[in-house]
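Undergrad: The following comprises the amino acid sequence and a computationally predicted model.
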Amino acid sequence: MLDAQAAAVAFDQALTRTTGLPGDLIPLLQAAQVAFGYVPVSAMERIALTLEIPLAEVYGVVTFYKQFRLTPRGRNLIRVCDGTACHVNDSMGLIEAIDEVLGLKPGQTDEHLDFTLETVACLGCCSLAPCIVVNDETHGRLEPRKVRTLLNKLKKQAVAERSGAATV
């Protein structure tokens, strides 16, 4: 995700490179998501105008493909595996612990955009069940207590980063 001005410039450049054909829809949506971190309504409106297609068609594609997001994600992405091995080893307990510490349910992002919580069908780490991935780091053989400890540490780091960024 780029800062707001760089995002707007990058997205404008993608729009100017389009051939104007309907086949450009997904690449333009991908460009918007790379630039903004999600696909805002304003980007969908501009894509619809550029490609001369209904906004409803653009929205339909965005909501059909899981790769596209309509809301910004937090800087820290937490993915909880809820595949069979993790589920039977209490992945729901991990989700409850995350909710206790961060106040997030699956699919939610906190108000400061520090954290986003997602559940996934499988992380491919069945021998580490139950497990989560925070950003690109896998944490396995977890229990709620360990998740609380990990997230409290991450939460303190996020608050410190926000405070430091605000004073610069």
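TA: Looks like it arrived, so ask away. Numbers count the residues shown, from 1 in each chain.
Undergrad: how far away is Gly83 from Glu143?
TA: In this view, Gly83 and Glu143 are 17 Å apart by Cβ to Cβ, to the nearest Å. (Each C-beta comes from the backbone N, C-alpha and C, glycine too.)
Undergrad: Could you do Thr18 as well?
TA: Look at Thr18 and Glu143: by Cβ to Cβ, they are 50 Å apart.
Undergrad: and if you look at Lys155?
TA: Note on Lys155: its distance to Glu143, by Cβ to Cβ, is 19 Å.
Undergrad: contacts for stretch 43-61?
TA: 11, 15, 18, 20-22, 24-26, 28-29, 32, 35-36, 62, 68 (Cβ atoms under 8 Å, 6 or more residues apart in numbering).
Undergrad: Report the buried residues of it.
TA: By neighbour count on 16 or more other Cβ atoms under 10 Å, the buried set for stretch 43-61 is 43-44, 46-48, 50-51, 58-59, 61.
Undergrad: Can you add pLDDT, distance to Pro130 and secondary structure and give the residues you listed back as TSV?
TA: Shown next, in TSV, are those (pLDDT from 0 to 100; distance: Cβ to Cβ, whole Å; DSSP: H, G, I helix; E, B strand; the rest coil):
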residue	pLDDT	distance to Pro130	secondary structure
Ala43	97	37	helix
Met44	98	37	helix
Arg46	96	42	helix
Ile47	96	40	helix
Ala48	96	43	helix
Thr50	94	45	helix
Leu51	95	44	helix
Val58	97	38	helix
Tyr59	97	36	helix
Val61	97	34	helix
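Undergrad: Among those, which one sits closest to Asp136?
TA: Ala43 (26.5 Å; Cβ to Cβ).
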